[in-house]
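Asker: what's the 3D shape of this:
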Amino acid sequence: MQTSDLVAIAHAVADAARPVPMRYFRKSLRVEHKADLSPVTIADRETEKAMRAVLHDRCPDHGIFGEEHGGQHLDARFVWVLDPIDGTKSFITGFPLFCSLVALLDGGRPIVGIVDVPAIGERYTAAVGAGASFDGEPIRTSGCEQLDDAVVYLAGHEPTDAELDRRFRAFRDVGRLQRYGYDAFVYALLAAGHVDVMIETDLQPYDFLSLVPLVEEAGGRITDWSGAPLSLSSKGDVVASATPALHEAVLRRLSGAGA
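Answerer: As a prediction, this is how the structure comes out:
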């Protein structure tokens, strides 16, 4: 398949996902909790089913790794990674910035990513070599290269590991503006030039793999906290920055060298 064909499939998956959570949004809804205490609802499960149905129809030989319904054919060259509702806590509390995430891996490398925001009708898309876009219009990161000038977002939860917590706290007063937030929407804002740094920990592959093409094709960098590329086997400590120079400064501070 050509990249354009794969991107078309990714859009079809996101199109199938978009209406499902809106049938349940801001309505009475039973909330269950998984073993890790994260919330899940029928909206999460039904959205992923709709996404998978497109893939089963359009590319049945591809692998799928989804948050709610697990993995299949993960040894295939192409593997789709799905998060039906990234930000279930936002979703169940009526906050409209939850997202549906679609990533495509080619030999383990993320090559296509979509962040779709159903409640506000926004979509951010990227494919390796084809750039990044917001609702079809090209986007770029801000170009910020200095940490003192950066708009810095930190995840809305505390790391549970003491060493991670120490490194995380090194950014409490860094940059020209500090904000707290989490979920994929912040990374989309970074790709579009509104945010310069996002630091988060304890994520799963379906939380971050769609973000890799989006951030990088917009001109930024996204890695784990050591600077290694993100993959299905990554630990889940993620940092994204508007430029390579800014990213190096962030990594130095995370390591303790720049604190």
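Asker: shaky segments in the stretch 51-200 of the chain?
Answerer: The stretch 51-200 of the chain contains residues with pLDDT under 70 at 156-160.
Asker: quick one, strands of it?
Answerer: Using DSSP state E, counting those that start in this stretch, the strands of the stretch 51-200 of the chain run over residues 63-66, 70-72, 78-86, 99-106, 109-117, 122-127, 131-134, 137-138, 151-154, 177-180, 197-200.
Asker: in the chain, which spans are helices?
Answerer: Counting by DSSP state H, the chain has helices at residues 3-17, 19-22, 42-58, 88-92, 162-169, 185-191, 205-208, 211-217, 244-255.
Asker: so which of the ones you listed comes closest to Gly71?
Answerer: Proximity to Gly71 (Cβ to Cβ) singles out helix 205-208 among those, at 10.0 Å. C-beta coordinates here come from the backbone N, C-alpha and C atoms, glycine included.
Asker: just the CA coordinates of the closest one, formatted as PDB?
Answerer: Coordinates of each C-alpha in helix 205-208 appear next as PDB, following Å, rounded to 0.1, in the frame of the first residue of the first chain:
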ATOM      1  CA  PRO A 205       1.800   2.700  23.800                       C
ATOM      2  CA  TYR A 206      -1.800   3.500  22.700                       C
ATOM      3  CA  ASP A 207      -1.400   6.900  24.600                       C
ATOM      4  CA  PHE A 208       1.600   8.100  22.700                       C
END
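Asker: what separates that helix from the chain centre, distance-wise?
Answerer: Taking Cα atoms, centre = their mean, to the nearest Å, the mean C-alpha location of helix 205-208 is offset from the chain mean by 6 Å.
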